[in-house]
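**Q** pasting a predicted model and its sequence here:
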Amino acid sequence: MVGKMNNPRFKYPDTKAFEFVVHRLEERGVNLDELAKIVYETQKGFEPDLTLEICQKFLIDTMHKRELLNSAMVALELDRLTEEGKVDEPLAGIIRNDAGVFGVDETLALQIANIYGTIGTTNFGYFDRVKSGIIAKFDHDKVHVNTFIDDILAAIVAAVCGKIAHQYA
C-alpha cells in the first residue's frame, strides 16, 4: 500500500516543476512569448518605459514561483488526464464540459493571479473575460479538454501584470 510519506529530506523539485509546466504548455501549443506579448500590450499604456523584453523576464521570474507551479501542474494534469479518459465520472464529465458551476478551474487560477497581491484578482477577471491572444484559442477549442488551461494562462498573465504594477508603482 502506498501511503503519505513525510520524508524530512525531500527537497522541492523547483527546476523540474518549472520544466514540467513549460513542457506541458508547449505540448498544448503555448509559446511563452505569446503570454509576454499579452502582458506588454496591456501594460505599455501604464508604463511607457516597459519593453517586451522586460515582460518576458518578468514572466519567467513569475513562472518560477512555487504557488504558480503547484496550481499549474495540477490544472494541466487534470485537463490531460480527463482528455485521455483517466479521470472517473462524474468528475470527468464536469471537466470535459467545463461546467459553469464547477469553479475549481477559476479557484486554482486565482491562487496564481494573487501571487503579487489582490491586483491579480481584478487582472484575472479582466483576462478571463476578454480572452486575449492565445487564451481565446483555448477557450474556443472544443476538440480538446481546456477547462483549466485557459484560466491558468489568464492567471499567469494577470500575475505578471501584478508584478509589473508592484515594480513600477
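**A** Thanks, I have it. Numbering: from 1, shown residues only.
**Q** contacts only, for the spatially most central residue of the chain.
**A** When C-alpha atoms, centre = their mean is applied to the chain, the residue found nearest the centroid is I152 (2.5 Å). Counting by C-beta atoms under 8 Å, 6 or more residues apart in numbering, I152 makes contact with S71, A72, A75, L76, L108, A109, I112. From N, CA and C alone the C-beta is placed, and that goes for glycine too.
**Q** from K37, how far out is the first one?
**A** Remark: distance between S71 and K37 (C-beta to C-beta, to the nearest Å) = 23 Å.
**Q** quick one on the thing from earlier: which of the contacts of I152 fall in helices?
**A** The members of those that map onto helices under DSSP state H are S71, A72, A75, L76, L108, A109, I112.
**Q** could you measure from the third one over to N114?
**A** Between A75 and N114 the computed distance is 15 Å (C-beta to C-beta).
**Q** so the two - more neighbours on which side?
**A** Taking other C-beta atoms under 10 Å, A75 and N114 do not tie; A75 has more neighbours (25 against 19).
**Q** count the neighbours of the closest residue to the more buried one other than its chain neighbours for me.
**A** In space, and not counting its chain neighbours, A75 is closest to F148: 3.6 Å by C-beta to C-beta, 6 or more residues apart in numbering. Neighbourhood size, F148 [other C-beta under 10 Å]: 26.
**Q** show me the contacts for F148.
**A** F148 neighbours (C-beta under 8 Å, 6+ apart): A75, L76, L78, D79, I95, D105, L108, A109.
**Q** which other helices and strands does the lowest-mean-pLDDT helix or strand in the chain contact?
**A** Here the helix or strand of the chain ranked lowest by mean pLDDT, DSSP states H and E is helix 134-140, holding a mean of 91. Secondary-structure packing of helix 134-140 (3 or more C-beta pairs under 8 Å, 6 or more residues apart in numbering; DSSP states H and E): helix 32-43, helix 149-168.
**Q** now the first one against helix 149-168, angle please.
**A** In other words, helix 32-43. 60 degrees (axes from the mean of the first three to the mean of the last three C-alpha atoms, to 10 degrees).
**Q** which other residues reach helix 32-43?
**A** For helix 32-43, the external contacting residues (C-beta under 8 Å, 6+ apart) are 22, 25, 50-52, 55-56, 58-60, 63, 127, 132-135, 153, 156-157, 160-161, 164.
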